[in-house]
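Visitor: predicted model and sequence below, questions to follow.
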Amino acid sequence: MTRPETSGDPVAVVSGGSRGLGRLAVERLLGEGWRVAAFSRSANAFVQDTLAGHPDRFWWQPVDLADHDRTRAFAAAAAERFGRIDLLLNNAGLLGRPELLLTTAVSRTEELIAANLTGPIILTQACAKVMARRKSGTILNVSSVNAVRGYRGAAVYAAAKAGLDGFSRSLARELGPLGIRVNSIVPGFFESDMTTDVTEESRERIRRRTPLGRLADLAEIADAISFLASPRSSFITGQTLIVDGGITC
């Protein structure tokens, strides 16, 4: 993730920055000179080690994305601590086990929408206000192939992620005049805490349906994020980049 050509060390906000894709993004950003404000629902060894290793460049707080007041407060605190926000990576989300809509409780629907759509919107609003002061910034929303292609048992999750893609496109038009780019990235299937319950039979089925014949490596998804976060994509906004080995084509 190449540092943008701006004065001072750039600052990234990463939701879900303790595991999987969010963790790798944090590691790369820190390694390339960024300051990083990250949150997740709970700390782990990675968070503790990173806080100890980068006390002046890494800041973490426990935040549940469904807690909108806490989410707004985190963005404000990050801006106060580091003085700016250059990049927002909306990575955190909630999937859970497949569940048919006919048996999905209202509370579960609300939970999925809050974590996968409303929460990212609230966080984006808070960070965009900070970016607007400098008339510069990049917002990346991590979506899902569920938003592009239907999958049984994931209707509510798919609706939330499709909403996130639509949000990205409309917001790109709104924030473009302020020098803020907004894009979404759609990862194909890759190993993460959200997919630990997927059976080997299902994994093999995904491999067969994927033209490249395999699952994604986590680094391949992170590479796409690196590109969209860098000056190499400076004229790209309002787009949805699908990185799925061709499963949705």
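Guide: Now that the structure is in, tell me what you want to look at.

Visitor: could you check the pLDDT of the nearest residue to Gly179 once chain neighbours are set aside?
Guide: Distances taken as C-beta to C-beta, 6 or more residues apart in numbering place Lys135 nearest to Gly179, at 4.2 Å, with adjacent residues excluded. Yep, even glycine has a C-beta here, placed from its N, CA and C like the rest. The per-residue pLDDT reported for Lys135 equals 97.

Visitor: got the contact list for Lys135?
Guide: Residues in contact with Lys135 (C-beta atoms under 8 Å, 6 or more residues apart in numbering) are Leu178, Gly179, Ile180.

Visitor: what's the closest of those residues to Asn44?
Guide: Ranked by distance to Asn44 (C-beta to C-beta), the contacts of Lys135 are led by Ile180 at 31.5 Å.

Visitor: dihedrals phi and psi, that closest one?
Guide: Note on Ile180: its backbone torsions stand at phi -110, psi 120 [degrees, to the nearest 10].

Visitor: what of Leu88?
Guide: On the backbone of Leu88 - angles per degrees, to the nearest 10 - the values are phi -120, psi 120.

Visitor: bridging residues for it?
Guide: Per DSSP bridges, the residues bridged to Leu88 are Val13, Ile139.

Visitor: does it touch Lys129 like I think?
Guide: No: when contacts are counted by C-beta atoms under 8 Å, Leu88 is not listed as touching Lys129 (11.3 Å).

Visitor: between the two, which one's more packed in?
Guide: Leu88 (30 against 14; other C-beta atoms under 10 Å).

Visitor: ok, the more buried one to Val142 distance?
Guide: 11 Å (C-beta to C-beta, to the nearest Å).

Visitor: dump the contacts of Lys135 into CSV; add distance to Glu200 and pLDDT as well.
Guide: CSV is the format used below for the contacts of Lys135 (distance: C-beta to C-beta, whole Å; pLDDT from 0 to 100):
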residue, distance to Glu200, pLDDT
Leu178, 47, 98
Gly179, 47, 98
Ile180, 43, 98
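
Visitor: JSON lines for those residues, including distance to Phe82?
Guide: Output for the contacts of Lys135, formatted as JSON lines (distance: C-beta to C-beta, whole Å):
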{"residue": "Leu178", "distance to Phe82": "20"}
{"residue": "Gly179", "distance to Phe82": "19"}
{"residue": "Ile180", "distance to Phe82": "17"}
